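S.K.: For reference, the sequence and a predicted model appear below.
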Amino acid sequence: MTKGTTFHGYVPIMHEPDHSSQMVSQLLFGEEFILLERSSNWLFISLDFDGTQGWVGKEWIELREVKNREEKRVDGPVRLASLPSTTILDLTQGQQRIIPAGAVWNRESGNTLSWYGHDFELMSGEGFISPGANSNPREIGKRIVSLPSIPGGRSGFGFDGPGLVQMICRMMGKNIPRFCHQQAKLGSTINFMYEVKEGDLAFFDNEENEIIHVGMILDDGNILHSATSVSIDLLDHHGIYSNEQERYTHKLRVIKRI
């Protein structure tokens with residue numbers, strides 16, 4: 001079995017093996033995947049973290065062979081980058097690398113890391129957090145407010161709605177799927193606004209009753225989400241009221257607790 005990762009901040013995961021295709025997600029620094037297929041300069045992969053499948057350009061990828069299919073993934077405690085971007089040192093190449101929020105540092109403690117034959121070092125431990133229930137979504141969100149909304153984005157270089165809540169949930173110790181319709185199937189339904197708690201996920205639909213957006217509810221009833229950009233807006237039983245646009249932008253469908 002062939003596993004892989006990237007030394008770049010992120011690599012686009014495309015729907016088809018073509019640079020003009022739709023970006024469906026991103027492979028982030030420190031994440032691993034299983035290689036499923038090769039096609040010219042492209043690799044078809046499945047992410048270990050959430051099972052997302054798609055095509056990545058092989059020029060941005062590092063590969064390793066796993067014998068006897070025994071070692072499937074890197075397990076154990078990790079830290080996650082929580083600032084929009086952080087600089088680390090690639091000691092093997094003698095250069096700096098910029099990694100985004102959501103990137104994985106595969107050590108619970110210590111500022112050095114050996115990863116796919118390269119040695120890396122943190123320039124500062126600031127901006128890295130250990131996943132767990134103590135992570136505060138508002139504090140994390142405040143660091144990334146105003147970052148652009150990018151279809152397929154799930155990193156500090158830009159998010160889509162489900163990519164943002166997936167990252168925040170990961171920092172809170174909860175691993176959830178990549179896409180809105182998958183996330184909406186999780187957890188229990190909250191029927192009344194007065195019952196909501198920080199960390200609940202609110203889902204929003206269109207006129208065809210398709211779930212098209214998601215955000216995370218904060219402790220004061222506001223919502224952290226990524227529409228035109230990452231923002232904190234008002235939420236009530238109608239939906240999201242945009243402070244910037246001074247109007248409702250998304251119609252509430254359901255609130256789930258995971």
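M.R.: Cool, the structure landed. As the structure is a prediction and not an experimental result, all values here were calculated from the model. Residues are numbered from 1 along each chain as shown.
S.K.: Is it correct that Ala133 is in contact with Gly173?
M.R.: Yes - shown here, Ala133 and Gly173 form a contact pair, counting by Cβ atoms under 8 Å, at 5.7 Å. Any C-beta I mention is one placed from the backbone N, CA and C, and that applies to glycine too.
S.K.: Neighbour count for the two, which is higher?
M.R.: Legend: neighbour count by other Cβ atoms under 10 Å for Ala133 and Gly173, higher for Gly173 (12 against 8).
S.K.: which residues does that one contact?
M.R.: For Gly173, the contact set (Cβ atoms under 8 Å, 6 or more residues apart in numbering) comprises 131-133, 135.
S.K.: burial count for Val145?
M.R.: Val145: 13 surrounding residues under other Cβ under 10 Å.
S.K.: Now it: closest residue in space that isn't a chain neighbour?
M.R.: Once flanking residues are discounted, Val145 sits nearest to Val230: 5.4 Å by Cβ to Cβ, 6 or more residues apart in numbering.
S.K.: same question, Asp219
M.R.: Glu198 (4.1 Å).
S.K.: Tell me where this protein has helices.
M.R.: Assigned by DSSP state H, the chain shows helices spanning 137-144, 161-171, 180-183.
S.K.: Show me the one of those helices that comes nearest Gln53.
M.R.: Of all the helices of the chain, it is helix 180-183 that lies closest to Gln53, at 13.1 Å by Cβ to Cβ.
S.K.: average pLDDT across the closest one?
M.R.: For helix 180-183, the mean per-residue pLDDT is 97.
S.K.: just to revisit the earlier point, quick one: which of the contacts of Gly173 has the most company?
M.R.: In the contacts of Gly173, the most neighbours by other Cβ under 10 Å go to Ser135, 20 neighbours.
S.K.: unless I'm mixing things up, the residue nearest to Val145 is touching Ile144, no?
M.R.: Yes - in this structure Val230 lies within contact range of Ile144 using Cβ under 8 Å: 5.2 Å.
S.K.: hmm, back to that, and the residue nearest to Val145, what does it touch?
M.R.: By Cβ under 8 Å, 6+ apart, Val230 lies in contact with 141, 144-149, 159, 164, 224.
S.K.: who touches both of Val230 and Ile144?
M.R.: Taking Cβ under 8 Å, 6+ apart as the criterion, Val230 and Ile144 both touch Phe159.
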